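> Show me the folded form of this:
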Amino acid sequence: MKKVTPVIWGLAIIALGVIFGGNALGIFNIDIFFKGWWTLFIIVPSFISIFTEKEKISSLAFLAAGVVFLLAAQDVFSYDVAWKVILGIVLVAIGLSIIVKTVFHTKSDKEVERKIATLKGESANKEMENLTAVFSGSDRVYNNENFSGANLVAVFGGAGLDLRNAIFTKDTVINAFCLFGGIDIKVPENVQIKTRSGFVFGGVSDDRKGNSDKAKYTIYIDAAGGFGGISIDDKAKKAKKD
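Next comes the predicted model:
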């Protein structure tokens, strides 16, 4: 799917170029600046994400919202009606997300939940890294330090946790919450990652390339939030040039 997304965007850009070129040469006359043309910036990305992203409900909701705005711009109904319809779409999407994540839990998901609950109980009275970014940015880099878990919060801001040089002695848990923000977690290639996600209009992106199936330790990420995202990768640090 990672390769599909650039291809779709490439085709979309080519189509746009053909339209501009054809209009200039008089081959055809396609007016892309129609009433409500700006809604394409909502409709097109949402349509593409339906086929490229694992999370479908939020993509469908954004697509529906874009179509509603387009109809309002075309004077099918007023913007007052449009906003009320979109509120309904958001509520339905949130409800569907809750139902899907509750009903369609796999055996693996339940095992992850049990392990997270156990680790949280063990770390309740222990010191964990607390990283908070509210309308700001906050980063923490571990250099040959023991890592025993973390609480990450990003609200209208960005938080970064770099564990590529951290020392692990046991399984750990990371509690991550972001609202209209983003969290970037960098991990070693030899650590396994398991996640539990409770996002509404957002999610967790796992871009790791290392083979961690036989890893000795596991990081359990308990992720939640809305209108934001958490990124996980294990890319090696680039060497600084003199």
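> show me the contacts for Thr39.
Thr39 makes contact with 66-67, 69-70, 73 under the criterion C-beta atoms under 8 Å, 6 or more residues apart in numbering. Yep, even glycine has a C-beta here, placed from its N, CA and C like the rest.
> Now do it against Ala73, distance only.
In this view, Thr39 and Ala73 are 6 Å apart by C-beta to C-beta, to the nearest Å.
> Summarise which helices and strands the longest helix along the chain is packed against.
The longest helix of the chain (DSSP state H) is helix 79-103. Counting contacts by 3 or more C-beta pairs under 8 Å, 6 or more residues apart in numbering; DSSP states H and E, helix 79-103 is packed against helix 57-73, strand 192-206.
> any idea which helix or strand comes after the helix or strand of the chain with the lowest mean pLDDT?
Within the chain, judged by mean pLDDT, DSSP states H and E, the helix or strand with the poorest mean is helix 107-123; its value is a mean of 65. Under the assignment DSSP states H and E, the closest C-terminal helix or strand after helix 107-123 is strand 129-134.
> Go through that following strand and flag the buried ones.
For strand 129-134, the neighbour count (16 or more other C-beta atoms under 10 Å) marks 129, 131, 133 as buried.
> Pull the residues that contact it.
By C-beta under 8 Å, 6+ apart, the list of residues contacting strand 129-134 reads 138-140, 147-159, 161, 181.
> Which among those residues count as buried?
For the contacts of strand 129-134, buried by 16+ other C-beta under 10 Å: 138, 147-155, 157-159, 161, 181.
> Where do the domain boundaries of the chain fall?
Domain assignment for the chain by automatic domain parsing gives 33-103, 107-233.
> Please identify the deepest-packed of these.
Stretch with highest mean neighbour count among the domains of the chain: domain 107-233 (a mean of 17; mean count of other C-beta atoms under 10 Å).
> Output the contacts of Thr39 as JSON lines; include the columns distance to Asn23 and pLDDT.
Listed next are the contacts of Thr39 as JSON lines, based on distance: C-beta to C-beta, whole Å; pLDDT from 0 to 100:
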{"residue": "Gly66", "distance to Asn23": "24", "pLDDT": "90"}
{"residue": "Val67", "distance to Asn23": "25", "pLDDT": "93"}
{"residue": "Phe69", "distance to Asn23": "25", "pLDDT": "92"}
{"residue": "Leu70", "distance to Asn23": "21", "pLDDT": "92"}
{"residue": "Ala73", "distance to Asn23": "21", "pLDDT": "91"}
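> If anything else comes up later, I'll come back, but that's it for now.
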